[in-house]
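S.K.: Here's my sequence, what's the structure:
(2 chains)
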Amino acid sequence: MEQSDKIQDVYSQSRSILSAEGMRRTLTRIAHEILERNRGAGEIVLIGIHTGGLPIARRLSALIQSFEGAPPPVGSLDISLHRDDLADRNRPLMHPTEIPVSIEGRLVILVDDVLYTGRTIRAAMDALNDFGRPRHVQLAVLVDRGHRELPIKADYVGKNVPTALDEEVRVCVAEIDGIDEALLLSNR
Amino acid sequence: MTQIGEVAEPNVLKSIPSPHLPARRHCLDLDDYSRQEIEAVLQNATVMKDVMHREIRKVPALRGKSIVTLFYEPSTRTRVSFEQAGKILSADVINVSSSGSSAEKGESLYNTALTLQSMEADIIIVRHPDSGAPNFLARHLNASIINAGDGSHAHPTQALVDLYTMASHADRLEGLRVAIVGDIQHSRVARSNLWGLTKMGASVVLCAPPTLMPIDFLGGHHSRSNNPFTSVEIETSIERALEGADVVMALRLQKERQDAGNLPSLREYSRLYGLTPKLLEKARTSVIVMHPGPMNEGVEIDPAVAHGPMSVIEEQVANGVAVRMAVLYGLVPATRHRD
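M.R.: Model (predicted):
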């Protein structure tokens, strides 16, 4: 068929861009920044974008709890039905979207592992609209790899990593991959 | 493959593709679905069901796409559930039925469908009394074709609805004992379910009077090597068929079949093969009762069963929209060449 889908690429080189320790420190800093900027955790709802953003959101919630006492609620968002690049692609396997509290009038922090073109975030903001009108939406990402195609900017960035288009950033988390590490994969 | 840098596991160098459905252009029957693809459709249907229960019941997945339902046979639930599914996914849905269209003036199926394609229909959902009509359209048109029931051949989306309904009542479909009772010979629902259930590893027993059982399944023919359903049990006694069943599916007795001389009388059929509360005692206590509709209550199913505590017939209808959303969403149309 006319499919030109990237089914599976194999890379020959890999470079660690965040170790387990580095990831822990980075997330701790982001949790502090969130609290500092919003003067506490009062109205925060953390929403992780499936699948990479969800474990990061859960960790930020646990860290905020360790500083402030109460964990902000964590939700998950599947953006498959809101993508703008669906036409020629294979259809993704979807995950349930779970927003545990009303987001009406609250401060929503969208969480993802890697920020790249910005299209995922646009779709996420679109998807979020169906659940209510937050007072404020912010964006936290573990790695910003550049190459934005839309006017989108993260409020909290774990690490800025310059990348080439043929490279890939992979964030591994202990909950899924058995190890905490961010890698830059390439063939050079 | 050379490895440089500190890598925890060798397989970490591979780009992990996000799990997806295989590219599929048409949905004609379940014979060309793999077990993985059926599982993927059922998983996506679960998410679609969530979408249906939201306050805002609309997602933009098929925005700007045109869907045409082209029905040459009467239908309520199938047509309406496709229409509802398409609308929730933001597609434009146009309904065409043979009565009131050019088909009444004698236009051929091919020409009618070609007309619809010329009007940029992306997906054509077709129901037709002739077996194979959707396959014919799929061969000759660029639009994606969904079979919404053709003759006695196939009704794949109904079978997916049934699988979804069974899966929501059981831990797993593998090993599930499913009894399908009624006019197997003329049932497209039974045929598509047979593909789906055997692929999922369920154990199926078909029960019908010999005159309403496909000839291939009777006698020695059943063991022929080209029969993909050798594991399926054939039973003419409903008592034995229901023994230990987790699921009982009753099929509509198409009354017009009686005129063909397949049955001595409706009353006799009802007495021998009608699903009653007493017969259901043979099945597991957790048994669920299904029916693809429309029902002839008092013929193939006793009203006490159809509306009793074991019936999931209304659930089947409710699941119909979510599963058809997952099917519509799963289709990858042919690349359009614009000049």
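
S.K.: In terms of pLDDT, where does residue 10 sit?
M.R.: Going with chain A. pLDDT recorded at A:Val10 is 77.

S.K.: You answered for a different chain; I wanted chain B.
M.R.: Reported pLDDT at B:Pro10 in the predicted model: 44.

S.K.: secondary structure class for the residue positioned nearest the centre of chain A?
M.R.: Central residue check for chain A by CA atoms, centre = their mean: the C-alpha nearest the mean position is that of A:Asp112, 0.1 Å away. Local secondary structure at A:Asp112 is given as strand here, using DSSP: H, G, I helix; E, B strand; the rest coil.

S.K.: Spell out which residues of the stretch 201-339 of chain B are next to chain A.
M.R.: Where the stretch 201-339 of chain B comes near chain A, counting by CB under 8 Å from any CB of the partner chain, the residues are B:Tyr329, B:Gly330, B:Val332, B:Pro333, B:Ala334, B:Thr335. C-beta here means a position set from N, CA and C on the backbone, and glycine is covered the same way.

S.K.: looking at those residues, which has the most residues close by?
M.R.: In terms of neighbours by other CB atoms under 10 Å in any protein chain shown, these top out with B:Tyr329 at 24 neighbours.

S.K.: who's the residue nearest to the centre of chain A bridged to?
M.R.: Beta bridges link A:Asp112 to A:Val141 when assigned by DSSP bridges.

S.K.: Surely it is in contact with A:Pro55?
M.R.: No. Contact status for A:Asp112 versus A:Pro55: not in contact, 11.0 Å apart, counting by CB atoms under 8 Å.

S.K.: still on that earlier bit, now intersect the residues of the stretch 201-339 of chain B next to chain A with the helices, please.
M.R.: In helices, defined here by DSSP state H, the members of these are B:Tyr329, B:Gly330.

S.K.: Confidence-wise, which of the residues of the stretch 201-339 of chain B next to chain A comes last?
M.R.: Comparing pLDDT over these, the lowest reading goes to B:Thr335, 62.

S.K.: hang on, the earlier thing: quick one: the residues of the stretch 201-339 of chain B next to chain A as a markdown table, columns for distance to B:Arg63 too.
M.R.: Formatted as a markdown table, those follow (distance: CB to CB, whole Å):
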| residue | distance to B:Arg63 |
| --- | --- |
| B:Tyr329 | 12 |
| B:Gly330 | 17 |
| B:Val332 | 16 |
| B:Pro333 | 14 |
| B:Ala334 | 19 |
| B:Thr335 | 18 |
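
S.K.: can you map out the helices along the stretch 51-200 of chain B?
M.R.: With DSSP state H, counting those that start in this stretch applied, the stretch 51-200 of chain B shows helices at B:77-88, B:109-118, B:133-140, B:156-167, B:188-199, listed in chain order.

S.K.: Buried by neighbour count: which residues of the shortest one qualify?
M.R.: In other words, helix B:133-140. Burial within helix B:133-140, assessed by neighbour count using 16 or more other CB atoms under 10 Å in any protein chain shown, is assigned to B:Ala133, B:Pro134, B:Asn135, B:Phe136, B:Leu137, B:Ala138.

S.K.: give me every residue that touches the last one.
M.R.: When contacts are counted by CB atoms under 8 Å, 6 or more residues apart in numbering or on different chains, B:Ala138 is found next to B:Arg25, B:His26, B:Leu28, B:Ile145.

S.K.: among the helices and strands of chain A, which has the poorest mean pLDDT?
M.R.: When the helices and strands of chain A are scored by mean pLDDT, DSSP states H and E, helix A:174-177 comes last with a mean of 90.

S.K.: Pull out the CA atoms of that helix and give them to me as PDB.
M.R.: Extracted C-alpha coordinates of helix A:174-177, given in PDB (Å, rounded to 0.1, in the frame of the first residue of the first chain):
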ATOM      1  CA  ALA A 174      11.600   2.800  35.900                       C
ATOM      2  CA  GLU A 175       7.800   2.200  35.900                       C
ATOM      3  CA  ILE A 176       7.800   1.000  32.300                       C
ATOM      4  CA  ASP A 177      11.400   0.400  31.100                       C
END
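
S.K.: That one packs against which elements?
M.R.: Helix A:174-177 sits against helix A:53-68, with contacts defined as 3 or more CB pairs under 8 Å, 6 or more residues apart in numbering or on different chains; DSSP states H and E.

S.K.: Pull the residues that contact the helix it packs on.
M.R.: Taking CB under 8 Å, 6+ apart as the criterion, the residues outside helix A:53-68 that touch it are A:27-28, A:30-32, A:34-35, A:40-41, A:44, A:46-48, A:71-77, A:109-113, A:140, A:142, A:171, A:173, A:175-176.

S.K.: Please name every helix or strand in contact with whichever helix or strand comes after that helix.
M.R.: Toward the C-terminus, helix A:53-68 is succeeded by strand A:74-77 as the next helix or strand (DSSP states H and E). The criterion is 3+ CB pairs under 8 Å, 6+ apart, and the helices and strands that strand A:74-77 contacts are strand A:44-49, helix A:53-68, helix A:119-129.

S.K.: any idea where the helices of the stretch 201-339 of chain B begin and end?
M.R.: Ranges of helices within the stretch 201-339 of chain B are B:238-242, B:256-259, B:266-273, B:277-280, B:303-306, B:313-330, based on DSSP H, counting those that start in this stretch.

S.K.: do you know which of the ones you listed lies nearest B:His53?
M.R.: For B:His53, the closest of the helices of the stretch 201-339 of chain B is helix B:313-330, at 9.6 Å, according to CB to CB.

S.K.: Spell out which residues make up each domain of chain B.
M.R.: Residue ranges for the domains of chain B, per automatic domain parsing: B:30-154+B:319-330, B:170-311.

S.K.: what would those look like in CSV with distance to B:Pro19?
M.R.: Written out in CSV, the entries for these read as follows (distance: least, CB to CB, whole Å):
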stretch, distance to B:Pro19
domain B:30-154+B:319-330, 8
domain B:170-311, 18
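
S.K.: and A:Thr26, what helix or strand is that in?
M.R.: helix A:20-37.

S.K.: Send me that helix as PDB with only the CA atoms.
M.R.: Once non-C-alpha atoms are left out, helix A:20-37 reads as follows in PDB (Å, rounded to 0.1, in the frame of the first residue of the first chain):
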ATOM      1  CA  ALA A  20      18.700   8.400  36.800                       C
ATOM      2  CA  GLU A  21      20.300  10.900  39.300                       C
ATOM      3  CA  GLY A  22      20.000  13.700  36.800                       C
ATOM      4  CA  MET A  23      16.400  12.900  36.100                       C
ATOM      5  CA  ARG A  24      15.600  12.900  39.800                       C
ATOM      6  CA  ARG A  25      17.300  16.300  40.400                       C
ATOM      7  CA  THR A  26      15.700  17.800  37.300                       C
ATOM      8  CA  LEU A  27      12.200  16.700  38.300                       C
ATOM      9  CA  THR A  28      12.800  18.000  41.800                       C
ATOM     10  CA  ARG A  29      13.800  21.400  40.400                       C
ATOM     11  CA  ILE A  30      10.700  21.500  38.100                       C
ATOM     12  CA  ALA A  31       8.400  20.600  41.100                       C
ATOM     13  CA  HIS A  32      10.000  23.600  43.100                       C
ATOM     14  CA  GLU A  33       9.600  25.900  40.100                       C
ATOM     15  CA  ILE A  34       5.900  24.900  39.800                       C
ATOM     16  CA  LEU A  35       5.300  25.700  43.500                       C
ATOM     17  CA  GLU A  36       7.300  28.900  43.400                       C
ATOM     18  CA  ARG A  37       5.700  30.300  40.300                       C
END
